[in-house]
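Asker: Pasting the sequence and the predicted model now:
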Amino acid sequence: MIEPVIGVYGIGIMFAVLFFLRIPAGFTMAIVGFLGIAYLTSIPAACGMIGSELWNILANYGLTVIPMFILVGEFIYYAGYNDSLYHATHCWFGHHRGGLAITTIMASAAFSAISGSNTATAATMSTVAIPAMKKYGYHPMLNAGSVAAGATLGVLIPPSIVLVVYGLYTGQSIGKLFFGNVIPSAILTLLIAATVFYICRRHPTWGPKADRCSWRQRFQALPEALDILILFAVIMYALFTGVVTATEAASLSCTLGLIICLVRRKLSRAGFVASIKDTLLISCMVFMIIVGAVIFGRFLTLTRLPFEAAGWIGSLGLPDWMLLCCILMCYVLGGCIMDALAFLLVSLPIFYPLVVGMGYDPIWFGQIITIVTTMGSIMPPIGICCYVVAGMAKDIPLGTVFMGSLYYIPSYIIAIVLLMLFPYGTVLVLSNLVR
């Protein structure tokens, strides 16, 4: 059998296992990849190859960024800052029609700036926002859809775990990736919020106004919310000026986050222990995805499928922008059926050399595929954020969550088009300033 064909079969088997056996993506990629390597070589050779590959990857000091950024997000969560963020944004925006949905999106953006995870943001905001919107009679589609859409900001707004892994995999500066992401994430956040205005204009009864807070209440709600913004600003400034590396920035964020929580007397001993446990669980999940992707990527390399696919795509004679659109469509489909990080790692060996070879900036490409795969997390059939929201809100059917989230898809498309039309003004203008 021709080796590239074996690679195609391997991809098909991987998706079949994901769909029908429901094995987590990291384990699926590892198992299928190992069996594929063993088929092409031998079991002893596969064991030796995988052992050396995993050592080279997991011994990378840069990977320590991941658990530290996850840990600071867990500190913030167990300290109850999610409630503080939601309360502050509710005081300022809740009295407008659809204001609680906008509050949810803005609070999700603020929490995402620390957590870096869409599933963590979805679970956190579901527990806070969904009951509040139910209380004021929000339509279930607007209620659940705004939570799911807001949660997608978790892998977009720095410190994004997806961008960290992308930077480590491609050798790009994490600081440049973070700063290149500032304008795109702001654009997408505003577009998602604008979608709420559109929904409420079309369906006025879907988002009733909440009680208006006094100016005194609004300003009283700001101090604790400002803690998070100050923490985010300090980390980004340190990265921007080159005072610290990405790893040092992650360590600094953990230290500052813990100090803030202790000074405010918001983090209990039980909360600290729970933060450590959850960080271990989430970090192990992320590392297992990386391990699985490395093994599966090595299998694809042995089949020469990435090189054959790149050669075939290049031989089509299509304009570069059309090839890029085809690649982005693959990321949309991949984001629908796989975890964003898992699909990113599987696809980068195939598409990254091709895109860079066409002359596109790798920092810009990292931003645009992050948005595209994030869009997949609220699209059927495997929109992970929608599943998390439906799991947290037992009385809102999964179909209703998906229907509500589909209202926000145009926001992503507009953001992607803006990034493609104005790469410098949206991404490179800030990333190029990083030292």
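Answerer: Yep, it's here. Numbering: from 1, shown residues only.
Asker: for the one helix or strand W312 maps to, the distance to its chain's centre please.
Answerer: Using DSSP states H and E, W312 falls within helix 305-314. Centroid separation between helix 305-314 and its chain, computed with C-alpha atoms, centre = their mean, to the nearest Å, is 28 Å.
Asker: go on, stretch 379-391?
Answerer: The chain centroid and the centroid of stretch 379-391 are separated by 14 Å under C-alpha atoms, centre = their mean.
Asker: quick revisit: outside of the helix holding W312, which residues touch it?
Answerer: Helix 305-314 is contacted by residues 3-4, 7-8, 300, 323, 326, 349-350, 353-354, 357 when judged by C-beta atoms under 8 Å, 6 or more residues apart in numbering. For glycine as for every other residue, the C-beta is placed from the backbone atoms N, C-alpha and C.
Asker: Report the rounded mean pLDDT for stretch 34-48.
Answerer: For stretch 34-48, mean pLDDT rounds to 87.
Asker: who touches stretch 132-139?
Answerer: Applying C-beta under 8 Å, 6+ apart, the contact partners of stretch 132-139 are 86, 90, 100-101, 104, 142-143, 146, 203, 205-208, 210.
Asker: Quick one: end-to-end length of stretch 235-249, please.
Answerer: 6 Å (C-alpha to C-alpha, to the nearest Å).
Asker: Mind telling me what element the closest residue to V32 other than its chain neighbours is part of?
Answerer: Closest residue in space to V32, ignoring its immediate chain neighbours: M14 at 4.6 Å, by C-beta to C-beta, 6 or more residues apart in numbering. According to DSSP H and E, M14 maps onto helix 3-16.
Asker: Could you identify the buried members of the contacts of helix 305-314?
Answerer: 4, 7, 300, 323, 349-350, 354 (16 or more other C-beta atoms under 10 Å).
Asker: Among those residues, which ones are in helices?
Answerer: 4, 7, 300, 323, 349-350, 354 (DSSP state H).
Asker: Out of the contacts of stretch 132-139, which is nearest to F422?
Answerer: S146 (27.4 Å; C-beta to C-beta).
Asker: Which residues does the helix or strand just after the helix holding M14 contact?
Answerer: Per DSSP H and E, helix 3-16 leads on to helix 25-40 as the next helix or strand towards the C-terminus. Outside helix 25-40, the residues that touch it by C-beta under 8 Å, 6+ apart are 3, 6-7, 10, 13-14, 17-18, 21, 23, 45-46, 49-50, 285, 288-293, 295-299, 302-303, 338-339, 342, 346.
Asker: now whatever helix or strand comes next after helix 25-40 and helix 25-40, what's the angle there?
Answerer: Sequence order places helix 43-58 as the next helix or strand after helix 25-40, per DSSP H and E. Per axes from the mean of the first three to the mean of the last three C-alpha atoms, to 10 degrees, the angle that helix 43-58 makes with helix 25-40 is 140 degrees.
Asker: Show me what helix 43-58 packs onto, helices and strands only.
Answerer: Packed against helix 43-58 by the contact rule (3 or more C-beta pairs under 8 Å, 6 or more residues apart in numbering; DSSP states H and E) you find helix 25-40, helix 269-303.
Asker: mean pLDDT for the ones you listed: which is lowest?
Answerer: The bottom spot among the helices and strands packed on helix 43-58, by mean pLDDT, belongs to helix 269-303, with a mean of 83.
Asker: now that one, how far from the centre of its chain.
Answerer: Relative to its parent chain, helix 269-303 has a centroid offset of 15 Å by C-alpha atoms, centre = their mean.
Asker: Pull out the buried positions in it.
Answerer: Across helix 269-303, burial judged by 16+ other C-beta under 10 Å covers 271-272, 275, 278-279, 282-283, 285-300, 302-303.
Asker: Tell me the helices and strands packed up against it.
Answerer: Using 3+ C-beta pairs under 8 Å, 6+ apart, helix 269-303 sits against helix 3-16, helix 25-40, helix 43-58, helix 65-78, helix 161-170, helix 340-357.
Asker: Including distance to I230, could the ones you listed go into TSV?
Answerer: Formatted as TSV, the helices and strands packed on helix 269-303 follow (distance: least, C-beta to C-beta, whole Å):
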stretch	distance to I230
helix 3-16	44
helix 25-40	35
helix 43-58	34
helix 65-78	12
helix 161-170	22
helix 340-357	29
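Asker: Deepest in the core, which of those is it.
Answerer: helix 65-78 (a mean of 25; mean count of other C-beta atoms under 10 Å).
Asker: The residue nearest to V32 touches F296, doesn't it?
Answerer: Yes. Applying C-beta atoms under 8 Å, one finds M14 in contact with F296, separated by 6.9 Å.
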